[in-house]
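S.K.: Provided below for reference: sequence and predicted model.
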Amino acid sequence: MESIRRLLTPLSYLRIERQGKYFDELLCPLIMLLVTFSVFWLVSWDVTVFGASGLISSVVGYLQVVSGFYIASLAAVATFNQENMDKPMAGKSPVLSVRRRGRMKDEKLTRRRFLCFLFGYLAFLSVLMLFIGIGANLVAPAVSQEIDGDFGFYLKWLFAGCYIFVGYNLIFTTLLGLYYMTDRIHRKDAAFVSNKEAVPKAPETSSDDDF
């Protein structure tokens, strides 16, 4: 069990509590999935899902490109030499519950640790989706011969829906990572003035929050 836990460590990103988490990673992918299925419904579901020119193959081709980018980004974040990377994130810091000496403890994440979890999750998910997509394309012809009719139709689109939803989750999480890599980690931290001065201290919900 300990070995499995280590192998699945990148999925710890899903347990991180942060501002906007459910909007970014659940609501936005769900909305895009509904829009996508609405388009498929308008064309009477006349969309190729499996095969060399199908939907799954198109996603697999995308994953073959970005999986290397995620791994390279993880390496860059882990070795990025900037003092701000090892400071707690501004505003309400993301929190991860971790087990230390048999006890669960809430850990406030630094920017480096948060981004390592983020790009580790993206790398893990992209590789997993890549192999699932390849495997689905390989077994789809045999399954379609065994299962046909309405059940086969619903099974095909249930798999496609789950695959597309996870793909949209990957895209929106990537956009969050790009926001950090292109802008947020390069800003200077806001300097708070002394309480003795007339200017009030900026609240935690200011525009300099990480989220």
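M.R.: Received it, and whenever you're ready, just let me know what you need.

S.K.: What's the separation between the residue nearest the centre of the chain and Arg111?
M.R.: Centroid-nearest residue in the chain: Thr173, 3.7 Å away (criterion: Cα atoms, centre = their mean). Applying Cβ to Cβ, to the nearest Å, the value for Thr173 to Arg111 is 16 Å. Bear in mind the C-beta positions are built from the backbone N, C-alpha and C, glycine included.

S.K.: same for the lengthiest helix in the chain, what does it pack against?
M.R.: Criterion DSSP state H: the longest helix present in the chain is helix 111-146. Here helix 111-146 touches helix 55-79, helix 149-182, going by 3 or more Cβ pairs under 8 Å, 6 or more residues apart in numbering; DSSP states H and E.

S.K.: Touching the first one from outside, list them.
M.R.: When contacts are taken as Cβ atoms under 8 Å, 6 or more residues apart in numbering, the neighbours of helix 55-79 outside the stretch itself are 47-51, 85, 112, 115-116, 119-120, 122-123, 126-127, 129-130, 133-134, 136-137, 160, 163-164, 167, 174, 177, 181.

S.K.: Recalculate using a threshold of 7 Å.
M.R.: Helix 55-79 has contacts (Cβ atoms under 7 Å, 6 or more residues apart in numbering) with 47-51, 112, 115-116, 119-120, 122-123, 126-127, 129-130, 133-134, 136-137, 160, 163, 167, 177, 181.

S.K.: List buried members of these by neighbour count.
M.R.: Taking 16 or more other Cβ atoms under 10 Å as the criterion, what is buried in the contacts of helix 55-79 is 49-50, 112, 115-116, 119-120, 122-123, 126, 129-130, 133, 136-137, 160, 163, 167, 177, 181.

S.K.: low pLDDT regions in this structure?
M.R.: The chain contains residues with pLDDT under 70 at 102, 188-211.

S.K.: quick one: the residue lying closest to Thr174 once chain neighbours are set aside from Glu107, how far?
M.R.: Among residues not flanking Thr174 along the chain, Leu122 sits closest, at 6.2 Å (Cβ to Cβ, 6 or more residues apart in numbering). Distance of Leu122 to Glu107, given as Cβ to Cβ: 21 Å.

S.K.: Same check on Phe119?
M.R.: Going from Phe119 to Glu107 by Cβ to Cβ gives 18 Å.

S.K.: Helix or strand for Val98, just tell me which one.
M.R.: Per DSSP states H and E, Val98 falls inside strand 95-100.

S.K.: which helices and strands sit right next to that strand?
M.R.: For strand 95-100, the packing partners by 3 or more Cβ pairs under 7 Å, 6 or more residues apart in numbering; DSSP states H and E come out as strand 103-108.

S.K.: Touching the strand it packs on from outside, list them.
M.R.: Residues outside strand 103-108 that contact it (Cβ under 7 Å, 6+ apart): Pro88, Ser93, Val95, Leu96, Ser97, Val98.

S.K.: Could you do stretch 140-149 as well?
M.R.: Phe50, Gly152, Leu155.

S.K.: just those residues now: which is nearest Lys21?
M.R.: Checking these against Lys21 with Cβ to Cβ, the nearest one is Leu155 at 30.8 Å.

S.K.: I appreciate the help and will end here.
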